[in-house]
Every structure is written in C-alpha cells, then in structure tokens.
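S.K.: Sequence first, predicted coordinates after that:
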Amino acid sequence: MTKQGSLLDELRVQYEAVRESTPEHSDVESYQAIDARLRKAFRWLEQAITYLNGLKPPIDHRFDLGYGFVFDSPRFARGSVGQHERRIVGFPVIEEINVYYEIAASKPLSIEVPPGWVAFAEKTLGAFGLEYTCRREEERDGTLRKCIYSVAPVIPARISFRVDYQTGLVTVTLVNVDRLERVTLEFPSAAIEVAVLEDLVRLILGRDSAFLKRGRLAGLRDQPPGRQRAVPPDAIRTE
C-alpha cells in the first residue's frame, strides 16, 4: 500500500520540474543555472559592500530636493546584503537579493515651509524615506505661520534583484541610488555577471552610469515625486 497522498506529491514534483525546467522560450536558462548566477552575485556584492563599509568613499551624485536644497558631500556610510529563497522541486533557490545602504551627508537640511505646503512637504520627504523633525512657529493668535523642517543628513538607498525563473528575467529596482528616485530595470539572467555588478558599484559611487544603459527600463513603480519640489520657489529659504 502506498502512503496516502504520495501520488499527488509525486505529480506535484514532476509538474514543478516541467514548469520550471522547460520554459516557453528556449533561450531561458535552467533554474539551476539562474540560481548559480544569483549565488555568485550575492557573494560578490557581499564582499563589495564589506569593502565599502570600511572605506566609506565619497559619492559623486547630486541628491537634490529642488530649489537649492541639496545634500552636501554625500558619502557611503554603511550597507548590508541579504537574500530570500524559495524552493523549486524541493531545492532551495535564490528568489531575491537586496542591498541596503545609507548615504551620509555633511549636515542636515533646514527648510521653511508655509502652512499651505506642509502636507505636500511631508509627503515628499516621506516618499524618499528621509527622516526629519518639524518646529512650528505660530502667530500671536495661534495660527500657523510656518514650519521649519530639519532633515537628517542620511539618505536610505536600496537595490533589489528579483528573478522570475519562468521567464529568466531579473528585475533590478534602484531606490535613491544616483538621485532621489526609484527606477526599475530588467535584465536577462545571463547578464548578471561580474562586469554588470562592477558597473553597479560604479553607479553607487557616481563614477559611471553605464549600468543604467545595460538593462531595459521596466517603468517607474510607486515612484516618489522625485522631480517635483517639496515647496514652491518663492516660499522657501535656508536658515
């Protein structure tokens, strides 16, 4: 007597093997080959971030909130690399690699915002993941005269590699990497090689933007208002 449910389990394993190993397009790599590429990429990125953590090099990018509000002298502060796995026919494979790091500026930003633009300013700062404190100044009758925001000199950045094993596409999302913005690119799995990863680190440091030309633009997802301004030009000034 066979164990109840064993036939269904056997069919499931065979189904997954056919589904993952025989993609619709003949040029898609096997799941074993894709996983091997991602594991190699993970180890390479982990080592690169270790070096950057020790060096804390300057970053030659302009992180601009608009109307003269620019973070001064950005540098790589600290970062980490993580991964998420899933199982295909019982074997663990990497589904996603995430690089998290912080960019440190030399000083906070101070922004004065009139009452009518407070909600928009806070939405914009929140969309970029920027931390801030707000000091309210009121008239004698208690009405709000202005809000003074102190924006912490820390920019959170993230890079994610997420693979679709059926199509062989690797979606790379860049958040606050070369500007205050989110950009999503697509790469065939075979493109995830050391040369591409080297271009990615050069992009992080602002030395070269070749990485952005290597992938196909996949569209901007949940894009924060990167090119919009937190407040109108005639309503703000630095302290």
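M.R.: Alright, I've got the coordinates.
S.K.: The nearest residue to S106 once chain neighbours are set aside: how many residues sit nearby?
M.R.: Spatial nearest neighbour of S106, chain neighbours left out: S73 (4.1 Å); criterion: Cβ to Cβ, 6 or more residues apart in numbering. Glycine gets a C-beta too; all of them are placed from N, C-alpha and C. S73: 11 surrounding residues under other Cβ atoms under 10 Å.
S.K.: Could you measure from S73 over to V99?
M.R.: S73 is 22 Å from V99, where distance means Cβ to Cβ, to the nearest Å.
S.K.: quick check: longest helix of the chain.
M.R.: The helix spanning the most residues in the chain, taking DSSP state H as the definition, is helix 31-55.
S.K.: Does T124 belong to a helix, a strand or coil?
M.R.: Under DSSP: H, G, I helix; E, B strand; the rest coil, T124 falls in the helix class.
S.K.: neighbours around it, how many?
M.R.: Neighbour count of T124, defined by other Cβ under 10 Å: 21.
S.K.: now it: how far from V194?
M.R.: In terms of Cβ to Cβ, T124 sits 37 Å off from V194.
S.K.: and what of L130?
M.R.: Distance, L130 to V194, by Cβ to Cβ: 33 Å.
S.K.: Mind checking which of the two has more residues around it?
M.R.: L130 (21 against 10).
S.K.: May I ask you to confirm that the more buried one is in contact with A152?
M.R.: Yes - the criterion here is Cβ atoms under 8 Å, and L130 meets it with A152 at 6.8 Å.
S.K.: residues contacting E139?
M.R.: When contacts are counted by Cβ atoms under 8 Å, 6 or more residues apart in numbering, E139 touches R145.
S.K.: just use 489 as the starting number from now, easier for me
M.R.: From this message on, residue numbering opens at 489, which makes the last subject E627.
S.K.: which outside residues touch the longest helix of the chain?
M.R.: 508-509, 517, 564, 566-569, 571, 576, 581-582, 585, 587, 589, 649, 651, 653, 656, 658, 677-678, 680-682, 685, 689, 692.
S.K.: what does stretch 671-689 give?
M.R.: With contact meaning Cβ under 8 Å, 6+ apart, stretch 671-689 is reached by 515-517, 521-522, 525-526, 529, 532-533, 536, 540, 647, 649, 651, 656-662, 665, 696, 698-700, 702-709.
S.K.: Buried ones from these, can you make that a ChimeraX selection?
M.R.: To isolate the buried members of those in ChimeraX, using 16 or more other Cβ atoms under 10 Å:
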select :516,517,522,525,526,529,532,533,536,540,647,649,651,656,657,658,659,660,661,662,665,699,700,703
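S.K.: Sort out which of the contacts of stretch 671-689 are in helices and list them.
M.R.: Per DSSP H, those map to helices at 521-522, 525-526, 529, 532-533, 536, 540, 698-700, 702.
S.K.: Just flag the most distant two among those residues.
M.R.: Spanning the widest gap among these are A521 and L540, at 28.7 Å by Cβ to Cβ.
S.K.: what about the helices in the chain?
M.R.: Using DSSP H, the helices assigned to the chain run over residues 494-509, 519-543, 606-615, 682-693, 698-702.
S.K.: Was I right to think I582 contacts V651?
M.R.: Yes - assessed by Cβ under 8 Å, I582 is found in contact with V651 at 7.2 Å.
S.K.: F579 bridge partners, please.
M.R.: I576 (DSSP bridges).
S.K.: burial measure for it, as a count.
M.R.: Counted with other Cβ under 10 Å, F579 comes out at 12.
S.K.: do C635 as well
M.R.: Around C635 there are 19 residues (other Cβ under 10 Å).
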